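Peer 1: mind looking at a prediction? Sequence and model below.
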Amino acid sequence: MTSAPFGRLVTAMVTPMTPDGELDPAGTRRVVDHLLSTGHDGIVVNGTTGEAPTLTSAESIEMVEWVSAAAGERATIVAGVGSNDTRHAVEMARLAANAGADALLVMTPYYNRPTQAGVLAHCRAIADATDLPVLLYDIPGRTGIPFASETLIALAQHPQIRGVKDAKGDLWAATHVMDRTDLQWFSGADELNLAHLAHGATGIVSVVGHVAGRRYAQMIAAIDAGDLSSAQRIHRELVPIVDALMTTSQGAIMAKAALVELGVIEHATVRLPYVESPPEHLDILRKALAVTDLA
């Protein structure tokens, strides 16, 4: 599995916390070691699954420092610097670069819903702020606006903008952009990992990778080898755990609960407005872990 500027098997990492809601450096190191021992060559820090909206700027940079130190040269560290304030995003990009990030994750500005011309200017300003490669994050269900295909094609002309994490789920639009650019494509929705890889994606940015990294590494290798039937088998075998993590409540909540079940972290603490999994959700998770081959 050949690494790309962002890695190929990438997980959007949870932010481990102590029972009182503070950042947990020891838990962070354990999660990094767990991800790297299960096939990952990239980690996203301060993404959606990392509860980035509830972290202070200082905490976000602290997480980049901790994860970069723990990973060393073993993985690409992609730092989320999303903001609906371009000046803040530019500042965070520079701070993340200084803290050891290898790449940046940039989304469309949420809530204020700029025009596509504003999206272009926003992303170009962030990309101009450092010499790090930029992975655009297309997740209109959370930001309120998508990257239009023509916007992605225009942004692809910027030398630092190198890829797209696609959580929009429009496979045909993705094909159009991949056909007209050299942007590296990443599935940003675990239920569509196989579909995106079969359409020519470089890799995945996963939530379920917290528990199924080895299986996703096998899926990527199978696609590389032209073995679609093996990739399809893995995709189907992972249905229970994908459903448990991605459709029960929220990926960040369920991923932390799963890491506790696996003994990787001690606490499934999340910050409000998230709340920890109730017993009925934990029951779904435990049943999925029991029936899913994660080796």
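Peer 2: Now that the structure is in, tell me what you want to look at. Note that the structure is a prediction, hence the values are computed from the model and not measured. Numbers count the residues shown, from 1 in each chain.

Peer 1: contacting residues for Ser57?
Peer 2: His88, Glu91, Met92, Leu95 (Cβ atoms under 8 Å, 6 or more residues apart in numbering). All C-beta atoms are positioned from the backbone trio N, CA, C, and that covers glycine.

Peer 1: actually Ile220, not the one I typed
Peer 2: Met1, Arg8, Leu9, Leu197, Gly203, Ile204.

Peer 1: 10 Å - rerun?
Peer 2: For Ile220, the contact set (Cβ atoms under 10 Å, 6 or more residues apart in numbering) comprises Met1, Arg8, Leu9, Gly39, Asn193, Leu197, Ala201, Thr202, Gly203, Ile204, Ala231, Ile234.

Peer 1: against Met13, how distant is it?
Peer 2: 18 Å (Cβ to Cβ, to the nearest Å).

Peer 1: which pair of the contacts of Ile220 spans the longest distance?
Peer 2: Taking Cβ to Cβ, the two most distant members of those are Thr202 and Ile234; they sit 17.9 Å apart.

Peer 1: now the worst-scoring helix or strand of the chain on mean pLDDT - C-alpha only, PDB.
Peer 2: Least confident helix or strand of the chain, by mean pLDDT, DSSP states H and E, is helix 140-143 with a mean of 95. This file holds the C-alpha atoms of helix 140-143, laid out as PDB (Å, rounded to 0.1, in the frame of the first residue of the first chain):
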ATOM      1  CA  PRO A 140     -22.500  19.700   3.300                       C
ATOM      2  CA  GLY A 141     -24.700  17.900   5.800                       C
ATOM      3  CA  ARG A 142     -22.700  19.600   8.600                       C
ATOM      4  CA  THR A 143     -21.400  22.800   6.900                       C
END
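
Peer 1: elements contacting it?
Peer 2: strand 103-107 (3 or more Cβ pairs under 10 Å, 6 or more residues apart in numbering; DSSP states H and E).

Peer 1: name the strands paired with the strand it packs on and say parallel or antiparallel.
Peer 2: Sheet pairing here is set by DSSP bridges, and for strand 103-107 it gives strand 76-80 (parallel), strand 134-138 (parallel).

Peer 1: average model confidence for that strand?
Peer 2: Mean pLDDT, computed over strand 103-107, is 98.

Peer 1: okay, buried residues for the host helix or strand of Cys123 please.
Peer 2: Using DSSP states H and E, Cys123 maps to helix 116-129. For helix 116-129, the neighbour count (16 or more other Cβ atoms under 10 Å) marks Val119, Leu120, His122, Cys123, Arg124, Ile126, Ala127, Ala129 as buried.

Peer 1: could you export those as TSV, including pLDDT and distance to Thr181?
Peer 2: What follows is the buried residues of helix 116-129, written out as TSV (pLDDT from 0 to 100; distance: Cβ to Cβ, whole Å):
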residue	pLDDT	distance to Thr181
Val119	98	16
Leu120	98	14
His122	98	19
Cys123	98	14
Arg124	98	15
Ile126	98	18
Ala127	98	15
Ala129	98	22
